[in-house]
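Participant: Sequence first, predicted model second:
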Amino acid sequence: MMSKLHTRAISPSKLYRIITVTLIPLILTACAVDEEDTSALRVRSVATVLGLTGDPTSNRTLPDISDPKAQLGMKLFYTKGLGLDEDTACVSCHHPVLGGGDDLSLSIGVGADIPELLGPGRIHLASGGPTVPRNSPTTFNIGVWDQVMFHDGRVESIGKTVGLNGNDTLGIITPDSPLDTDGNPLADPDAGDNLPTAQSRFPVTSPEEMRGFDFLTLVTNDDVRTALETRLAGDAEWVTEFTAVYGDATISYARIAEAIGEYQRSQVFVNTPWKAFMDGDDIAISEAARRGALLFMLPTRVDGANCLSCHRGDFFTDQQFRVLGMPQIGRGKGDGTTGTDDFGRFRVTGNDSDMYAFRTPSLLNVTETGPWGHAGAYTSLESVIRHHLDPQTAFDSYDINQLEASIVISGQTDDMQVNTQNALDKLAANRAAGIASIQIVSLTDEQVGYMIEFLKTLTDPCVTNRTCLAPWIPDTGDIDPDGLRLIAVDNTLTPL
């Protein structure tokens, strides 16, 4: 069970309700406009009263990619030396050119047929398909997360408030946390002082991601980390790299995780058309996008779609957990009667209301971070939007042909119907019990199009430009300490 957090501050959910109940009607009246007014003034006014500025990095201190620790972190991020089998690196599932993810519904970590081939075309011949149970979250803007990492939030800050900068956390809970006498997790003393650093401790311990299925003498997570420390410490080039950054030759996993965390935290991509619009550029977004913005922001009682109730703030997430009934494909987490289900947040908290709940994702750069959903079941933004409008109807017409062929051929959709329907039934039960849940919303095809146009404005053009992304990708002339750098190619064997 997660430990209970106590605060006197108004929760983000309560604050949003207060704003939407009291201020939205006032701002609409003050602007003296009718429902068809999609002017820049109206859109910006509504956004402002809802607390949006366009910049989620305000008052935050995030590293630059040129910082020495971030540079060391990049070398570590790209080395297969952190995979026990030396065939997988962090970048295998999180390449900048692939949206900070891998452009696959379900990631393929260890045992890929061609380890250097990333994205579509990467296959795992040994078992006929992906081995990682969930979709790979983007690393873009990872330093803006305040509360949780991973789809189920199993790495979580204690007592940190969303939107506040600094190391104002009381600690970080991880899967390695010690337990108190009541069985509640305490702060992990080895987690580091920010979420990306804490997160960086765990992919190397996952058999499907980087650990592999051999090395049976390595029993615990710390056994794996110690083995990797020893491996790097035995390489003179790595010793030189760590000494240059830290001032001595010690290579600990705490330092490895910190450096990788700094590299990831340097991936700040927030210069979006929406930010330019909120900064005063009236023509930064189109009229169609402004219509979509109003639909996105306004509650249903004033003809909006109420998206901001979950995707709130400049990071476009409340960092909480929702039951959406997204299609469950893949091998899952071993849950349920099928053994291929994934109970989501329930696996962390044990709370019945968290069954099938997953973290609300940020929508920044969302056009580049698909496929979407905790299992990557949707491969178009339109299909994701339509699922949110009416999950049951969307699933009833779900087309498995949108998935990579390897997923279907290897039987990873065989249990999709029963697993997903269980999640949809849970959503219906939560609604009936009065638990805050997404509601059915009716939008026309034209309105769905407007919503897509708005979501496009949340993408920083840099993330679609290989030249702009170059600082986060090692150059061929850069130092390769162990000679194990993963030099990524796509399915045409063209370098990424």
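Facilitator: It's in.

Participant: how about the helices of the stretch 201-350 of the chain, start to end?
Facilitator: Using DSSP state H, counting those that start in this stretch, the helices found in the stretch 201-350 of the chain span residues 221-233, 236-246, 253-265, 273-278, 287-297, 346-349.

Participant: Oh, that last question was meant for the stretch 351-496 of the chain, not what I typed.
Facilitator: Assigned by DSSP H, counting those that start in this stretch, the stretch 351-496 of the chain shows helices spanning 381-389, 391-396, 405-409, 416-432, 445-456, 466-469.

Participant: right, so of the helices of the stretch 201-350 of the chain, which gets closest to L427?
Facilitator: L427 lies closest, by C-beta to C-beta, to one member of those: helix 346-349, at 13.5 Å. For the C-beta atoms, the positions are set from N, CA and C on the backbone; glycine is no exception.

Participant: residues making contact with the closest one?
Facilitator: With contact meaning C-beta atoms under 8 Å, 6 or more residues apart in numbering, helix 346-349 is reached by 1-2, 152-154, 333, 335, 352, 354-357.

Participant: Show me the shaky parts of this structure.
Facilitator: Applying pLDDT under 70 to the chain flags the ranges 1-35, 126-130, 161-169.

Participant: Excluding sequence neighbours, find me the nearest residue to L118.
Facilitator: A488 (4.7 Å; C-beta to C-beta, 6 or more residues apart in numbering).

Participant: List the contacts of E116.
Facilitator: Going by C-beta under 8 Å, 6+ apart, the list of residues near E116 reads 486-489.

Participant: got these as TSV, with neighbour count and distance to V204 columns?
Facilitator: Compiled in TSV, these are given as follows (neighbours: other C-beta atoms under 10 Å; distance: C-beta to C-beta, whole Å):
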residue	neighbour count	distance to V204
L486	22	14
I487	13	20
A488	23	19
V489	16	23
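
Participant: related to what we said a few turns ago, just name the most buried of the helices of the stretch 201-350 of the chain.
Facilitator: With neighbours taken as mean count of other C-beta atoms under 10 Å, those reach their highest mean count in helix 253-265, at a mean of 25.

Participant: helices and strands around it, which ones?
Facilitator: Judged by 3 or more C-beta pairs under 8 Å, 6 or more residues apart in numbering; DSSP states H and E, the packing partners of helix 253-265 are helix 68-78, helix 195-199, helix 221-233, helix 236-246.

Participant: Minimum distance to G51: which of those has it?
Facilitator: Of all the helices and strands packed on helix 253-265, helix 195-199 sits nearest to G51, with 22.4 Å by C-beta to C-beta.

Participant: outside of the closest one, which residues touch it?
Facilitator: For helix 195-199, the external contacting residues (C-beta under 8 Å, 6+ apart) are 142-143, 145-150, 155, 157, 172, 174, 188, 191-192, 257-258, 260-262, 264-265.

Participant: Can you show me the strands along the protein?
Facilitator: Ranges of strands in the chain, per DSSP state E, are 148-149, 155-157, 172-173, 321-323, 357-359.

Participant: Pull the residues that contact the last one.
Facilitator: This points to strand 357-359. Around strand 357-359, the neighbours that count as contacts under C-beta under 8 Å, 6+ apart are 148, 150-153, 317, 319-324, 326, 344-346, 374.

Participant: again, 7 Å this time
Facilitator: 148, 151-153, 321-323, 344-345, 374 (C-beta atoms under 7 Å, 6 or more residues apart in numbering).

Participant: May I see the buried residues of it?
Facilitator: Judged by neighbour count using 16 or more other C-beta atoms under 10 Å, the buried positions of strand 357-359 are 357-359.

Participant: The helices of the stretch 201-350 of the chain: which one's closest to P120?
Facilitator: Among the helices of the stretch 201-350 of the chain, helix 253-265 comes nearest to P120, with 23.4 Å by C-beta to C-beta.

Participant: which residues are contacting that closest one?
Facilitator: Contacts to helix 253-265, defined as C-beta under 7 Å, 6+ apart, come from residues 62-63, 67, 69-70, 72-74, 76-77, 90, 139, 142-143, 190, 192, 194, 196-197, 200-201, 225, 228-229, 242, 246.

Participant: go with 6 Å
Facilitator: Under the criterion C-beta atoms under 6 Å, 6 or more residues apart in numbering, residues 62-63, 69-70, 72-74, 76-77, 139, 142-143, 192, 196-197, 200-201, 225, 229 lie in contact with helix 253-265.

Participant: distance between that helix and the chain's centre?
Facilitator: Helix 253-265 sits 18 Å away from the centroid of its parent chain (C-alpha atoms, centre = their mean, to the nearest Å).

Participant: any idea of the angle that helix forms with helix 68-78?
Facilitator: Helix 253-265 runs at 100 degrees relative to helix 68-78, counting by axes from the mean of the first three to the mean of the last three C-alpha atoms, to 10 degrees.

Participant: show me the residues around the residue nearest to G100 when sequence neighbours are not counted that make contact.
Facilitator: The shortest distance from G100 to any non-neighbouring residue, by C-beta to C-beta, 6+ apart, is to T138 (3.6 Å). Contacts for T138 (C-beta under 6 Å, 6+ apart) come out as 99-101, 369.

Participant: any idea which of the strands of the chain is most buried?
Facilitator: Comparing the strands of the chain by mean neighbour count (mean count of other C-beta under 10 Å), strand 155-157 comes out on top with a mean of 27.

Participant: Name the surrounding residues that touch that one.
Facilitator: Strand 155-157 is contacted from outside by 147-149, 169, 172-174, 198-199, using C-beta under 6 Å, 6+ apart.

Participant: Distance-wise, check G73 relative to A257.
Facilitator: Distance, G73 to A257, by C-beta to C-beta, to the nearest Å: 9 Å.

Participant: no no, Q402
Facilitator: Separation of Q402 from A257 (C-beta to C-beta): 36 Å.

Participant: Equivalent analysis for T217, please.
Facilitator: If you go by C-beta to C-beta, the gap between T217 and A257 works out to 23 Å.
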